[in-house]
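> Sequence first, then the predicted structure:
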Amino acid sequence: MIRAADIREWRNRSVVDPKDHKIGVLEAIYVDTTTDEPAMATVRIGLPTRHQLAFVPLDNVILGPDYVKVSYAKALVKKAPSIGMDDILPAEAEEAIFQHYDMTYQPGTGGERQLARR
């Protein structure tokens with residue numbers, strides 16, 4: 001797992017799927033607001049003139065010398081909910097990300113967001 005102290009170190013590393021297919025480049029980390037542990041990453045995908053940031057969970061992530069290997073196939077990540085390069089994840093869009101990966105979405109008891117960018 002990517003520790004909070006390592007986040008800056010892994011930005012701009014290649015993100016690959018379990019079969020070592022390059023998905024894109026790690027842009028940012030989102031932590032679970034309950035545990036403050038890294039939970040999701042945004043991956044810069046698309047053509048150079050039309051980049052977007054796709055979300056991918058960081059469960060079972062493997063860190064290599066120049067890559068971050070996620071446990072999800074490239075095709076699934078490329079179809080994941082995404083935001084523009086300068087956009088902020090709207091609170092109402094969080095649940096769709098979790099649904100895309102068949103994960104349980106659990107906002108805080110007061111309706112707080114589950115994800116926060118680091």
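Structure received.
> isn't there a helix covering S71?
No. Looking at S71 with DSSP: H, G, I helix; E, B strand; the rest coil, it is coil, so not inside a helix.
> which sections of the chain are below the confidence cut-off?
1-8, 108-110 (pLDDT under 70).
> okay, which residue is most central for it?
With distances taken as Cα atoms, centre = their mean, the residue of the chain nearest its centroid is A41 (2.0 Å).
> what about the longest strand in this protein?
strand 22-32 (DSSP state E).
> by contact count, what packs against the very next helix or strand once past it?
Using DSSP states H and E, the helix or strand that follows strand 22-32 in sequence is strand 38-45. Applying 3 or more Cβ pairs under 8 Å, 6 or more residues apart in numbering; DSSP states H and E, one finds that strand 38-45 contacts strand 22-32, strand 52-57, helix 74-78. C-betas here are computed from N, CA, C, even on glycine.
> sorry, back to before: please name the bridge partners of the residue nearest to the centre of the chain.
With DSSP bridges as the criterion, A41 is bridged to I29, V56.
> Show the contacting residues for it.
For A41, the contact set (Cβ atoms under 8 Å, 6 or more residues apart in numbering) comprises 2, 15, 26-30, 55-56, 58, 68, 70.
> now F98
F98 neighbours (Cβ under 8 Å, 6+ apart): 104-105, 114.
> hmm, try it at 7 Å
104-105 (Cβ atoms under 7 Å, 6 or more residues apart in numbering).
> quick one: secondary structure of it?
Strictly by three-state DSSP, F98 counts as helix.
> Please report how far it lies from I45.
19 Å (Cβ to Cβ, to the nearest Å).
> Check I23 too.
In terms of Cβ to Cβ, I23 sits 7 Å off from I45.
> try L115
For L115, the distance to I45 - Cβ to Cβ - is 19 Å.
> Determine which stretch of the helices and strands packed on strand 38-45 is the most buried.
Highest mean neighbour count of the helices and strands packed on strand 38-45: strand 52-57, a mean of 23 (counted as mean count of other Cβ atoms under 10 Å).
> Distance from the chain centre to that one, please.
Here strand 52-57 is found 5 Å from its chain centre; the criterion is Cα atoms, centre = their mean, to the nearest Å.
> Kindly calculate the angle that that strand makes with strand 22-32.
60 degrees (axes from the mean of the first three to the mean of the last three Cα atoms, to 10 degrees).
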